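*Asks:* Here is a sequence with its predicted model. Questions after.
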Amino acid sequence: MNPFDVPGEWLKSALHTHSTVSDGTLPPDALVQAYVEAGFDLVAITDHWRLATPAPRDDVVLLPGAELGFDMVSPTYPRQSAEFLVYGLDHVPDDPGGNRDNWFFNEIENWEVRTFPSLTVGMDWVASRDAVAYVAHPYWNHLPQDELTSMSGFVGIEVFNGSAQAECGRGDSSPWWDTLLGQGRAAFGIATDDQHYPLYELGLAWTMLRVRERTPEAALEALRTGAAYFSEGPAIYEMAVVDGGVEVACSPSRSVLVQAEEEWGTSVNAGRDGRKQGRILQTTGEGLITRAFVETPPDLRYRRVTVVDAAGRRAWSNPI
């Protein structure tokens with residue numbers, strides 16, 4: 001699916017954020033208000049093993065969610081586990097059946113870890129709820145790529161996590177994504193701020209969902225089908241596969257890249273010394289790219305677009 005060809009509207013969405021129901025610092029209603037004031041259209045509060053229930057309101061879509069965990073096959077330190085984000089659920093399980101040695105509760109910070117025995121078992125539970133799940137920050141969790149590729153049932157992964165990037169530089173999980181895509185797996189991406197402290201983290205990254213209407217059901221369908229792009233700054237306005245490559249319209253940027261499997265992948269870059277594998281079709285007065293054609297080889301397993309602005313911030317498309 002190319003979401004830029006689908007009728008509807010874009011919802012700026014916060015898909016990984018925490019309230020005082022677990023280890024955030026704002027109560028659910030105040031957190032939703034903070035996102036509304038920051039220009040967001042959808043908020044999914046994803047507290048750890050708890051379901052936050054902010055009051056309904058007309059000016060924002062509220063999507064129920066939670067952050068749940070699973071035992072890793074080969075942990076490298078005590079109590080190491082990994083996590084996934086679930087959307088559209090109505091409860092969290094009391095006993096997901098994982099290794100109790102990995103369960104704990106941090107009373108001071110008000111967050112807890114419980115685990116399913118594996119990611120696939122967790123995904124079976126998600127499917128039984130007709131919910132949608134994305135694997136959370138695999139780089140931050142040090143989830144081995146081969147373990148991720150051995151599991152099934154998840155729709156995609158959290159490709160970029162703003163707070164993990166700010167905290168320790170492990171926010172970009174695009175190599176995990178490319179490993180899945182390069183193997184021919186259907187895997188979509190999201191970007192989030194993973195907000196706990198709104199002054200520092202709220203709005204570091206977001207996902208733009210293409211929806212037919214402003215409802216939780218339409219947002220779930222967009223997450224399920226990859227009708228989205230995601231960003232830590234730039235905007236993608238248009239994207240189309242044309243003869244010989246991909247054409248992209250975007251906010252002013254220094255690079256437009258089409259990334260693909262193996263050694264394939266090409267880019268167009270602004271500036272005198274920029275490498276050009278395609279054509280810059282439109283620029284600002286300062287020479288930044290606003291429309292470009294990027295050449296790509298035929299018969300690729302996947303193509304995905306990355307736009308990089310003058311500050312180095314990125315926006316990512318889902319694979320086309």
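*Replies:* Looks like it arrived, so ask away. Numbering: from 1, shown residues only.

*Asks:* Grab the CA positions of stretch 106-113 and hand them over as CSV.
*Replies:* C-alpha atoms of stretch 106-113 as CSV (Å, rounded to 0.1, in the frame of the first residue of the first chain):
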residue,chain,number,x,y,z
ASN,A,106,9.9,-0.8,40.7
GLU,A,107,8.0,0.8,43.5
ILE,A,108,9.8,4.2,43.4
GLU,A,109,9.3,4.7,39.7
ASN,A,110,5.9,2.9,39.6
TRP,A,111,6.6,0.5,36.7
GLU,A,112,6.6,-3.3,36.4
VAL,A,113,7.8,-6.0,34.1
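
*Asks:* Flag every buried residue along that stretch.
*Replies:* 110-113 (16 or more other C-beta atoms under 10 Å). Backbone N, C-alpha and C define where each C-beta goes, glycine included.

*Asks:* Pick out the most distant pair among these.
*Replies:* 110 and 113 (12.5 Å; C-beta to C-beta).

*Asks:* Surely residue 293 and residue 278 touch.
*Replies:* Yes. Counting by C-beta atoms under 8 Å, residue 293 does reach residue 278; the two are 4.7 Å apart.

*Asks:* So for these two, which residues contact both of them?
*Replies:* Common neighbours of residue 293 and residue 278, using C-beta atoms under 8 Å, 6 or more residues apart in numbering, are 245, 268.

*Asks:* export the buried residues of stretch 106-113 to CSV and tack on distance to residue 68 and secondary structure?
*Replies:* Shown next, in CSV, are these (distance: C-beta to C-beta, whole Å; DSSP: H, G, I helix; E, B strand; the rest coil):
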residue, distance to residue 68, secondary structure
110, 17, coil
111, 12, strand
112, 11, strand
113, 10, strand
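
*Asks:* Switch these over to JSON lines; also include distance to residue 180 and pLDDT.
*Replies:* Output for the buried residues of stretch 106-113, formatted as JSON lines (distance: C-beta to C-beta, whole Å; pLDDT from 0 to 100):
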{"residue": "110", "distance to residue 180": "33", "pLDDT": "95"}
{"residue": "111", "distance to residue 180": "28", "pLDDT": "93"}
{"residue": "112", "distance to residue 180": "29", "pLDDT": "96"}
{"residue": "113", "distance to residue 180": "25", "pLDDT": "97"}
